[in-house]
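After the sequence you'll find the predicted model.
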Amino acid sequence: MKEALYYEKLDNLKVRCLLCPHHCVIGEGKSGICKVRKNVRGFLYTESYGAFSAIHLDPIEKKPLYHFYPGKMILSAGSVGCNLSCIFCQNYEISQSGTEEFPSLQVVDPEKLALLSLRHPGNIGLAYTYNEPFISFEMIRETAPLIKRQGQKNVMVTNGFMNPEPLGELLPWIDAFNVDLKGFTESFYRKYTRSRLAPVLDSLKQIRKAGAHLEITNLIIPGANDDEEVFHAMVKWIANELGKNTVLHLSRYFPAYKLTNPPTPSETLYRFFRIARKNLNYVYVGNIEIPDTQNTYCPSCGALLIKRSGYITQIVDLDKDGLCSKCRNVIDIKIG
């Protein structure tokens, strides 16, 4: 446990957390919405500092990141807790729990985590993932510079519900983000996640402006966020505000946690894939096998650049400089 950053003291031993847009006012002995930032005698502490529920070596495609060192492996670490309360959460066992529900958490400090990242041959770096990593801000703030200094990459898989100042502190150190854009209406965010859309959109624009690699995931939930007009508006916003080369992953939903809606039909995913491709150059479908929705094609000449099946990746017609081998078009993919 470590004293948190980004909070202010209030009267009667209360504190206000300033890390994310919830701005939780937390009484003594209580925790914020995220379940891991706790008021102890008028001081805010982060209980997830150095506490990990999982540390695994994963394919980079599992994050998912398709345009950031395809085919490589990355050490992936996660803790517990989340500042969203998604009733459809696919990782609810860890995201909707605090440290007290996980007495067997691994304790690893930033220096040891950085050393662990070096021990795996071929590993490109460290991904902060599984639960919401931003609520472990202090751990990332101390670990990410160590990873960079040893010549590796930092990746963050996040819901994007952040305040701009702490996000700005991390941006010089984080090489790639996958942001989960869960829907595109404030009503969806309020009803299904107990948060707000606007701060997520602001985070996306801040990440893009900073020049970090950015990919977006959208989980398509039948009866919740599968309105075609709203989806089309989301895709147009991404193209206009973030650029047509922004990678969009459409992910199949399965019933989980408190939501029992049926799984997303393959027909819906393919229809949305086609809608998105009218505005964006790189769109992929995950959690289901649909032909030609995981491969990367050159938006200029149509050549097959990268072939994917699950987490098996084969670079076909993409050279070492990130150019299409057929037409020499510059492809927005980091390779190495």
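Received it, and whenever you're ready, just let me know what you need.

which is the next helix or strand following the longest strand belonging to the chain?
Looking across the chain with DSSP state E, the single longest strand is strand 213-220. Per DSSP states H and E, the first helix or strand lying C-terminal to strand 213-220 is helix 228-237.

all strands for the stretch 201-336 of the chain, in order.
213-220, 247-252, 283-286, 296-297, 304-309, 312-315 (DSSP state E, counting those that start in this stretch).

Adding distance to Gln106 and mean pLDDT, write these out as a markdown table.
All C-beta atoms are positioned from the backbone trio N, CA, C, and that covers glycine. As requested, the strands of the stretch 201-336 of the chain are exported to a markdown table (distance: least, CB to CB, whole Å; pLDDT from 0 to 100):
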| stretch | distance to Gln106 | mean pLDDT |
| --- | --- | --- |
| strand 213-220 | 26 | 99 |
| strand 247-252 | 28 | 99 |
| strand 283-286 | 28 | 98 |
| strand 296-297 | 35 | 98 |
| strand 304-309 | 31 | 97 |
| strand 312-315 | 29 | 96 |
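
Same list (those strands) but as JSON lines, adding distance to Asn178.
What follows is those, written out as JSON lines (distance: least, CB to CB, whole Å):
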{"stretch": "strand 213-220", "distance to Asn178": "5"}
{"stretch": "strand 247-252", "distance to Asn178": "8"}
{"stretch": "strand 283-286", "distance to Asn178": "11"}
{"stretch": "strand 296-297", "distance to Asn178": "16"}
{"stretch": "strand 304-309", "distance to Asn178": "16"}
{"stretch": "strand 312-315", "distance to Asn178": "16"}
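
Can I get those strands in a markdown table including distance to Leu84 and mean neighbour count?
Below are the strands of the stretch 201-336 of the chain laid out as a markdown table (distance: least, CB to CB, whole Å; neighbours: other CB atoms under 10 Å):
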| stretch | distance to Leu84 | mean neighbour count |
| --- | --- | --- |
| strand 213-220 | 12 | 22 |
| strand 247-252 | 16 | 23 |
| strand 283-286 | 20 | 22 |
| strand 296-297 | 30 | 22 |
| strand 304-309 | 29 | 17 |
| strand 312-315 | 30 | 14 |
